[in-house]
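need the 3D shape of this:
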Amino acid sequence: MNVKNYKWLLFLFVSFFMTCQSDSDKKSKEHSNERIIKKGNVTEITSTDIESLGKILDFGKYMPINVEYRYVIIDNSGQNERLTVPGPSDYSLEAILYFDESTFHAIYDFEKNLEWKEQNHKKEEFNFEWLPQKVKEELAQDDKTNYKGHPDFFFGTGVNGKAWYLDKKILLQEHTN
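The predicted structure follows:
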């Protein structure tokens, strides 16, 4: 190979790595709306990343168009010095799931026709401290009584999940006992 071919090979090699780097920059920018705070064995994640929340909830049937959430994990695995005997980890999830109109109505129509015991949730339970002001106002004006929202039918939350329906959005919470 002559010097000219080496220059082209070097140029292609450098171009390839610059392209890879710009792709990873894009990915990190996409996830830059995620904030992680670790204190001891407690990790708090706040994010608007649908893909990350999709690892916690099941979006197989009903995919939101936007999300905002706070996920707190208490690691009781004994991996730190605080614990001498490991146990199961605990978590709590608070989320807003935003849907397009047709998806939201499909969820709402399915659930309102179910014949099961009302859950009697109180809307105050869903007034998360981090909620955007506009959502707080909408929740305050909501006058539903004897509400029954249960996200297990749609998102795989199990018995510890609760939901409150607003206009094209669902406030959701789930936690361990």
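
C-alpha from now on. contacts and neighbour counts both.
OK.

quick check: residue 94 vs residue 56, distance?
Going from residue 94 to residue 56 by C-alpha to C-alpha, to the nearest Å gives 12 Å.

those two: who's more crowded?
residue 94 (25 against 13; other C-alpha atoms under 10 Å).

what bridges to the more buried one?
According to DSSP bridges, the partner residues bridging residue 94 are residue 70, residue 173.

quick one: the strands in the chain?
Assigned by DSSP state E, the strands in the chain fall at 35-39, 42-47, 66-74, 90-98, 161-166, 169-175.

where among the ones you listed is the average confidence lowest?
In terms of mean pLDDT, the lowest-scoring of those is strand 161-166 (a mean of 86).

quick one, that one and strand 90-98 angle?
Angle, strand 161-166 to strand 90-98, by axes from the mean of the first three to the mean of the last three C-alpha atoms, to 10 degrees: 20 degrees.

so which elements touch strand 161-166?
Packing partners of strand 161-166 (3 or more C-alpha pairs under 8 Å, 6 or more residues apart in numbering; DSSP states H and E): strand 169-175.

picking up where we left off before, Throw the strands of the chain into CSV and include distance to residue 122, thanks.
Formatted as CSV, the strands of the chain follow (distance: least, C-alpha to C-alpha, whole Å):
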stretch, distance to residue 122
strand 35-39, 29
strand 42-47, 24
strand 66-74, 20
strand 90-98, 15
strand 161-166, 9
strand 169-175, 12
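
so which of those is nearest residue 104?
Closest to residue 104 of the strands of the chain is strand 169-175 (C-alpha to C-alpha; 7.2 Å).

which neighbouring elements make contact with that closest one?
The contact analysis (3+ C-alpha pairs under 8 Å, 6+ apart) places strand 169-175 against strand 90-98, strand 161-166.

of all the strands of the chain, which one comes closest to residue 123?
It is, among the strands of the chain and with distance given as C-alpha to C-alpha, strand 161-166, at 7.3 Å.

sheet partners, orientation included, of the closest one?
Strand 161-166 is paired, per DSSP bridges, with strand 169-175 (antiparallel).

this completes my enquiry, with thanks.
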